[in-house]
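Enquirer: Fold the following, please.
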Amino acid sequence: MTVPCILSRAARSFTLTAGGLFRRSSVLCRCAITRKMTSKRQLDHLQRTASNFRQTGVYPARVCGIMNESETVKRLRLAVHPDLTFRAGQWVDFFIPGVEKVGGFSVCSSPGLLQREGVIELAVKYTQHPPAHWIHTRCILDSLVEMRVGGDFFFDPLPSDPSVDLLLVAGGVGINPLYSILIHAADLLRQNHDNKGSGYRTGSTHLCYSAKNTEELLFKKPIIDLCKEFPDKFSCDFHITAQNSEFDQQLQPYITLGRISQETLRCHVNPDTTLCYLCGPPPMIESQVQTLLDLGLSRDRILFEKWW
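Expert: Numbers count the residues shown, from 1 in each chain. Predicted coordinates:
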């Protein structure tokens, strides 16, 4: 994933009143870039996210796994310092020895994986941007990097928080932070079961994920597996916009041709219980936010991150 550009209406934490009204427990982040650019040069990750929350610590990490998530996306597994923590949906500043530019990549794994195994995962699409290019062309097992966690876009409910129904809307590699949230919701569900109902009470979670073709659908197998494991809690729709070949038979029940429509979202929006997270290209996010507002979801329940 490339650098995050605009984060809006994303709280650093949230609570819900007994009446179901959403309120923020910290200052709302409004960091949309509105000034006119005098050059065609794009701002880099650190400039774009200068107003976002960041932890103070920069921690070493070692690459302990590399796999091809798709033809254009590599998934890194990194063993990290025991003091590093993150919340589902956040990103990391990614520092590479010998590379001047700093990468900005969403964590696609869950906080639970970090707690259990001491690792985090990043899924990075190939680009000519130096950090992404390094990952695709020079990164090897045992490569050493450094990371710092940041971002105001996350899902991290307390055990005492009222239940919400999550609607996750992803476009392309915008799936990364939403996949982290999806897996975190599953972890919370399991914890609540193990604690005999004393943990956070998870509502339903539905994922709408749009990509050009099924090859570009990241994490599709574990997403489907999760929906099969908890069919009363998790569901998904894969929206394919430009594929001429036949679909894999195992994917067909989850495939919808075309972009994510108002009718699709209508089935998963309840103004009283739904909390929606969106991540993807700016035009898609702007369109979907307006659709959600038209469906009666209040702005306080629509959290999004746009990616360039």
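
Enquirer: hey, let's count contacts and neighbours off CA atoms from now on
Expert: Noted.

Enquirer: so Phe238, which of the three states?
Expert: The local conformation at Phe238, judged by DSSP: H, G, I helix; E, B strand; the rest coil, is strand.

Enquirer: ok, how many other residues are close to it?
Expert: Per other Cα atoms under 10 Å, the neighbour tally for Phe238 reads 25.

Enquirer: cool, Phe247 as well?
Expert: A total of 12 residues lie near Phe247 under the criterion other Cα under 10 Å.

Enquirer: Confirm that it sits in a helix.
Expert: No: with three-state DSSP as the criterion, Phe247 is coil rather than part of a helix.

Enquirer: Just give the nearest non-adjacent residue to it, would you?
Expert: Leaving aside its sequence neighbours, Phe247 sits nearest to Thr214 (Cα to Cα, 6 or more residues apart in numbering; 7.5 Å).

Enquirer: where do the helices sit along the stretch 51-200 of the chain?
Expert: Using DSSP state H, counting those that start in this stretch, the helices of the stretch 51-200 of the chain run over 111-117, 130-137, 175-194.

Enquirer: Buried deepest among these, which one?
Expert: Among the helices of the stretch 51-200 of the chain, helix 175-194 has the highest mean neighbour count (mean count of other Cα atoms under 10 Å), at a mean of 22.

Enquirer: what packs against it?
Expert: helix 111-117, strand 165-171, strand 205-211, strand 274-280 (3 or more Cα pairs under 8 Å, 6 or more residues apart in numbering; DSSP states H and E).

Enquirer: For those, give me CSV that also has mean pLDDT.
Expert: CSV is the format used below for the helices and strands packed on helix 175-194 (pLDDT from 0 to 100):
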stretch, mean pLDDT
helix 111-117, 98
strand 165-171, 97
strand 205-211, 97
strand 274-280, 97
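
Enquirer: just to revisit the earlier point, roughly how far does the residue nearest to Phe247 sit from Ala242?
Expert: 9 Å (Cα to Cα, to the nearest Å).

Enquirer: what does Leu84 give?
Expert: Applying Cα to Cα to Leu84 and Ala242 gives a distance of 40 Å.

Enquirer: Looking at those two, which has the bigger crowd around it?
Expert: Just comparing Leu84 and Ala242: by other Cα under 10 Å the higher neighbour count belongs to Leu84, 19 against 13.

Enquirer: Quick check: closest non-adjacent residue to that one.
Expert: Nearest one to Leu84, counting by Cα to Cα, 6+ apart, is Tyr59 at 6.8 Å.

Enquirer: Which residues are in contact with the one you found?
Expert: By Cα atoms under 8 Å, 6 or more residues apart in numbering, the contact set of Tyr59 is Val80, His81, Asp83, Leu84, Glu146, Met147, Arg148.

Enquirer: need the helix or strand of the protein with the lowest average pLDDT.
Expert: Ranked by mean pLDDT, DSSP states H and E, the weakest helix or strand in the chain is strand 22-24, scoring a mean of 30.

Enquirer: That one: what's the following helix or strand?
Expert: helix 45-48 (DSSP states H and E).

Enquirer: coming back round to it: farthest-apart pair in the contacts of Tyr59, please.
Expert: Asp83 and Glu146 (12.9 Å; Cα to Cα).
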